[in-house]
Each structure stands twice: as C-alpha cells, then as structure tokens.
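In: Build the 3D model from these lines:
(2 chains)
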Amino acid sequence: MEPVLQIRRLVKRYNGMDHPVLQGLDMTINPGERYGFLGPNGTGKTTTVSILSGLLVPDSGEVLVLGNKMPDKRKQVTTQIGVVPQNIALFPELTAWENLRIIGSMYSMPASRLRQRISQLLELYGLTASARKPIKTFSGGMKRSINIIAGILHEPKFLLLDEPTVGIDVQTKALILDNLRQLNQEGTTILYTSHDMDEAQHFCTRVGIIDHGKLIAEDTPDALIHSCPDCENLESVYLHLTGKSLRN
Amino acid sequence: MSRFLALLYKDFLLLLRDKAGLLFLFLMPMALVLVMTGMQEGAFSSTADKHISLIIADQDADTVGVTITRKLQEETLFDVTLAEDAEKGMTEERLKELVTQGKYLIGIYIPDSTTRRIRDNAASAVTDALPKPPGADTTSTADDTVSDAQIRIYIDPTTERSFRQILSSHIRLATLEVEHDITLDEISSALCEATRQEEGSIVLADTQNIDLQEIIAGDDTQGSTFNAAVHNVPAWTLFAIFFIVISFSGNLIKERQDGSFARLMTTPCSYFTYMTSKLTVYLIVCLLQFFLIVAMGVWLFPVVGLPEFSIAGHMGACLMVVVCSALAAIGFGMIISAFATTHQQAATFGAVAVVILSAIGGIWVPTFLMPKFLNALSKVSPLNWGIEAFYDILLRGKGPESFIPECALLVAFAIICFTIAVLSKKKELK
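Out: Numbers count the residues shown, from 1 in each chain, chains lettered A, B, ... in the order given. Below you'll find the model as predicted:
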C-alpha cells in the first residue's frame, strides 16, 4: 500500500538563521499508523507540519502527501488532510457552531452532512450545550476540543496534530485521545507531535525522534525502549538520545 | 455553502459583532460630515446669509449720505442702524465708542457738508476744464476748493477682511455714483451757459452700456454651484472610505495573529478567495457609507439649515468613483497589513497616513484655498483624485472623459498595492 507520507532529504532554512531548521529530513508514514513525531523545541516539528499542510514552501527535498507532491498539488492535498494547529486557530467572536460551519464549508461538504457531522462531534466532545456560545467565552479545554473538531469535521485521510493536548485537564485529554483512537480505527492516519512522552508512548503505534533537523530514531515505542539499555520508558529513551541540555 | 459565501458570511459576522468598529466605520464619518459642513458653511456660503451689524451717523444728510445709507440698506449682508434711531445727538466719538464696545461691528461716520464738498470740487474741475471766453480770468479755481471729503469707517478688529473689502467697495461705489451724477450736472450747467441755452435744456443721459453676466463654466448647466455640502459630502465619504484601512488591516492582522488565517490556508481555501471575500465585504461597507452620507446631505442638511446636497442624475458616475476609491483604500489597507506586525501599529500608521493624505488631498479644506506648494502636493494623494472626480461630476458637470482619468489613477494605485501585498505574502511563505 502506498505510504500516506514520504519525505526525502527535506531542507528548510529561515531568513537570518545560521543553520537550516530541517537538514535533510527523511520520513515515511504508512496508512493506519498513529505516528508520534517527537523532539526538543526548535528542532523542526512545527516547520514540518507547516510544510505538509501547505503553509510553508521547502527549500529543497521531496514531500509526497497521499501521493501528491507538495506544494505543487496543494489543493489535492488540503482536501484530504486535516490540520490541528498548536495554537487555538478559531474565530473568537464567532460561536462554536459558526466556526465549525465556516471551516467545514471550506471542504465543500454538503450542508446536511456538515450539520450532521458538527452535531455528532459536538455531542461526542460534550459541547452540544455550548454550541451557540462565542469561542471567547470557552475554557481552554473546550477551545482545544473545538480546535480538534475543526480539523476532523471532513473525515480526513491524514490528520496532522501539532501538540493538540497542551494545557488541558486529564479528563479532557483522555476524551480527546480516545476519540482520536476511534478516528484512527475508522481509517485516518495520524501524525502527532507532542512533548508528553507518556502520552506518546501509550497513544502512538510508531515514534520518530527528530533532533537538529534530522530523524535520529524511529520505531515502535516498545522497540525503542528495549533497544536502549537502562531505559524503562519512552521519556528515558528520548533523554538518552537528545540529551539533558536546555533547548530554545 | 461555497467557500466564497462561507468566507463572506464569516467576514460579515465578524464585522457585525464588532460594535465599536461599526460605530467607527459609520457614525464617525456621519458626525464629521455634519460638523464640518456646519463649520465650513460660513466660509463657503454666499455672504448674503450673514448679518454684520453696522451703524451710520449721517451728518451730511444730503445726496452722499442718503445714497450710501440706501446702498447699504439694500445689501442684506448688513444690519443697518441709523445713528438717530440708536441715540439722539450721536457724535463721532460716541460712534467709535459703540464699535469699540462691540455693540456694532462697523460704524460709518459721514461728516457734515460731504456732498457740498464733492459738488464744489466737481464745479471747479468742470470750470477749469472748459475753455474761457477771451479776457476772462484764466487762473485755476482748484486751489480755492475745500479739502476732499473724508468718510470715516470704524471697524471692530474681529471683522473679517472680506467684509471690510465688501463694505469699502459699496461706499466707494456710492460716492462714485454721487460724484458722477454731480459732475454730469455741472457739465450740463456749464454747457447751457456756454451755448447760452436755458438752464436744464441740456441733459446728459446716464446710460449703462456694459452689463455683467455670470456663467458657471462646465458642459452641463445642471452642475451645482460650490457650497459646503457639495464639498463636504463627497469629501467625508472619501475620508470614511479611506478610514476603513484601519479596520481592514486590523482585521487581517488579527486573523494572522490568532491563527485563523493559517487554519483557513490549510484547507482548500485559496488566498485569492480569502481576499476576495474581504474585499467584497469592505466594498459593501464603503457603498453603505456613501449612501448614508449622501442621505444625510439630501434629507438632513436642509432640516438643520445647511445647504441641500443634490446628486440627481449623477448617481452612476458617483458610484463609479466610490468603487474605485474603495479599491484604492482596500489596497492601501493590504499594504499596511503586510508590513505592520501588530494591530496597534496598523491603527496608528493607518490613521496618521489617512489624516495626512486627506489634509493634503483637499478633504479638510479645498485645494484652491491652499498655498501653491500644498496645492501641487495634493496631486499625489489618492483622496485628491477622488475629490477631483467628484468635482468633475457634481460641479463641472462634465462627462465621463473628465473623471475617468482620476478613477484610472485610483484603480492603478489599488493594483500596485495588491501586487506589493501579494508579493510580500509569497515572501512570507518562503
């Protein structure tokens, strides 16, 4: 089966920086995977997600998303992927319903299907009662949930999650991860970035660790733990590979 | 719902939920057009609507005094009070005191025997000019004439210079008329005497051969005459249109900062569709601003005593100028949003830029009242192109060939701004 994502020798440099953020990244994600993309701050996780979603243009290398070359086939890719950005990317003055309706309309979903899907997801996340309230009145967890719903409304084949559970309580986090597992079982491949190693260990089927713009390790969480002497969990593997020095 | 309609719906909702922004977009220009028209009405209106209190002390009580008094009473600019009606035995000193106290803006003192002096001077001049019979005394009589008559005008320092000039020309005209009549009388008498005809048998007719006709230049006789309304309604419409740069650029920056723009760009929505929706919404805002301000000019101005604004027969042409100006303003807003990093930066720069461009563009004060260098500088302001296009339509009554060049300039400005903004967006992607 064709990989959902293929990245070859990807390089990206920002103006004014001494070194490229991505220094020849190679990565492959297969259909049905929940791929954990882990790494210290500033190592290129969000840059990679931005390139995959069409927000940034790479300097060199090849990126194939669902068989389509980015950024040339941006439109074909964006109709099939879902993106949940790190920040709450919603219109604060609009209600949850209005936000979802507008974002859903970008995918040309039939109106009845869109309404049905919004109702279904709001109910799943326990937000039906707040559907007609402006986003700016929501708690952090509620905003996170709507941020995720906006990314999965159109049932994407490939979902990019950039630290989707930052700053939310344990209950909401559990609910979100359960729903993402369900979505994955229904056929959506997931790329998931996080700093929560425990969460990644239990949620992801495969993990890639990036440092200095390159993938330095990639395997299932269990295999990575077993391959590292004296490592009892993914966090200790991660620290073993990336070191304990502070990163920007 | 299509992508474009969904974005349009979103932009309208965001605009409607921003109550302060709505007040800023609609109430501020409406208040400005009312206040500024009221303030400028005095400066632009016919002087006939003003009333300058004036007192005349006519000690002459002869032709000069009577003619000047009559002429000033006929002029509605002045509220004329006769000294004898104000106080018995008015002296020149008392008249001056009344003006100094501010009870009258102007006091005119016509001394005793003013008419007699003019008559004596005219008689001497005619006698000197006519040939003398042989053996007659040829010495000029001019030295024997009494000194020239002097009418004294006392003026309150606050009186506008233009009113003083109007007053002086009225008095000069009246005295010239009297001098002219007296001189003709003296010439008639002298001719009768020289030709040995009966006194009064020769009458020199006072005929006026030159007539003045005032014609407003322009191709269309339907064109309005210049007044505060015909300047301020289009002027503040343009100001309102350009002031949307603050709301427009602020809106773009806010969506960029809160990540909602990036979210939309990760969907199949294109940058073109995103911008077209915003452009459509703000174009509608500009049209609404125009209709509201015009409605004020047409219906509210006459109610509050301001000159009525008339747009009859010019609506299509004016709409074209509004649309071109709106495109220029939106382009300018795009440029500001491309280079400003915060809403505050955009608001400050946008407001200052629009106020300066409107000031030099002839929005606050028409360019013909500006010094030469500012008048020349006004040509670089897009607001000046807009106001000149409106003048062409509303005042000069000209056809499309006159205002299309200004519209073309506005559209060209918009295209340049759009191009720079899009290039800057592409650079951002890299």
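In: what helix or strand does residue B:33 sit in?
Out: helix B:28-44 (DSSP states H and E).
In: Phi, psi for residue A:31 please.
Out: Main-chain torsions, residue A:31, degrees, to the nearest 10: phi -60, psi 140.
In: pretty sure it contacts residue A:188?
Out: No. Using CB atoms under 8 Å, residue A:31 is not in contact with residue A:188, being 9.6 Å away. Any C-beta I mention is one placed from the backbone N, CA and C, and that applies to glycine too.
In: returning to what we had before: neighbouring strands for the helix or strand just after the helix holding residue B:33, and are they parallel or not?
Out: Using DSSP H and E, the helix or strand that follows helix B:28-44 in sequence is strand B:52-58. Sheet pairing of strand B:52-58 (DSSP bridges) gives strand B:78-82 (parallel), strand B:106-110 (parallel).
In: three-state assignment of residue A:15?
Out: coil (DSSP: H, G, I helix; E, B strand; the rest coil).
In: That one: neighbour count?
Out: Residue A:15 is flanked by 6 other residues according to other CB atoms under 10 Å in any protein chain shown.
In: Quick one: name the residues of chain A near chain B.
Out: Counting by CB under 8 Å from any CB of the partner chain, chain A comes close to chain B at A:53-57, A:75, A:78-79, A:81, A:83, A:85, A:87-94, A:98, A:101-103, A:105-108, A:111, A:134, A:150.
In: Buried subset of those, written for PyMOL?
Out: Entered in PyMOL, the line below selects the buried ones among the residues of chain A next to chain B, by 16 or more other CB atoms under 10 Å in any protein chain shown:
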select buried, chain A and resi 53+54+55+56+78+79+81+83+85+87+88+89+90+91+92+93+94+98+101+102+103+105+106+107+134+150
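In: Tell me which residue is most central in chain A.
Out: residue A:161 (1.5 Å; CA atoms, centre = their mean).
In: and residue A:192, what element?
Out: strand A:189-194.
In: so what strands line up beside that strand?
Out: strand A:34-38 (parallel), strand A:158-162 (parallel).
In: quick one on the thing from earlier: more neighbours, residue A:31 and residue A:188?
Out: residue A:188 (21 against 15).
In: Nearest residue to the more buried one in space, please, no chain neighbours.
Out: Distances taken as CB to CB, 6 or more residues apart in numbering or on different chains put residue A:159 closest to residue A:188, at 5.2 Å, once the chain neighbours are dropped.
In: Low-confidence stretches in chain B?
Out: B:1, B:42-50, B:132-149, B:199-209, B:212, B:214-224, B:428-430 (pLDDT under 70).
In: got the residues of it near chain A?
Out: Checking chain B against chain A by CB under 8 Å from any CB, the hits are B:1-3, B:5-7, B:9-10, B:13-14, B:17-18, B:255, B:258-260, B:262-270, B:429-430.
In: Checking residue B:363 next. Helix, strand or coil?
Out: Per three-state DSSP, residue B:363 ends up coil.
In: List the contacts of it.
Out: Residue B:363 sits next to B:235, B:236, B:238, B:239, B:383, B:387 when contact means CB atoms under 8 Å, 6 or more residues apart in numbering or on different chains.
In: and with 10 Å instead?
Out: Residues near residue B:363 by CB atoms under 10 Å, 6 or more residues apart in numbering or on different chains: B:32, B:36, B:231-232, B:234-239, B:242, B:354-355, B:357, B:378, B:381, B:383-384, B:386-387.
In: Mind checking which of these land in helices?
Out: B:32, B:36, B:231-232, B:234-239, B:242, B:354-355, B:357, B:383-384, B:386-387 (DSSP state H).
In: sorry, back to before: let's have the strands paired with strand A:189-194 in TSV, adding mean pLDDT.
Out: TSV is the format used below for those (pLDDT from 0 to 100):
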stretch	mean pLDDT
strand A:34-38	95
strand A:158-162	95
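In: Let me have these in CSV, extended by distance to residue A:23.
Out: Converted to CSV, these look like this (distance: least, CB to CB, whole Å):
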stretch, distance to residue A:23
strand A:34-38, 16
strand A:158-162, 20
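In: which stretch among the ones you listed comes nearest residue B:391?
Out: strand A:158-162 (55.7 Å; CB to CB).
In: are any of the residues of chain B next to chain A buried, and which?
Out: Counted by 16+ other CB under 10 Å, the residues of chain B next to chain A give B:1, B:3, B:6-7, B:9-10, B:13-14, B:17-18, B:255, B:258-260, B:262-270 as buried.
In: so what does the longest helix anywhere in chain A touch, helix or strand wise?
Out: The helix that spans the most residues within chain A, counting by DSSP H, is helix A:170-185. Secondary-structure packing of helix A:170-185 (3 or more CB pairs under 10 Å, 6 or more residues apart in numbering or on different chains; DSSP states H and E): strand A:34-38, strand A:81-84, helix A:111-124, helix A:140-152, strand A:158-162, strand A:189-194, helix A:197-203.
In: now these as TSV including distance to residue B:340?
Out: Listed next are the helices and strands packed on helix A:170-185 as TSV, based on distance: least, CB to CB, whole Å:
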stretch	distance to residue B:340
strand A:34-38	34
strand A:81-84	26
helix A:111-124	35
helix A:140-152	27
strand A:158-162	26
strand A:189-194	31
helix A:197-203	38
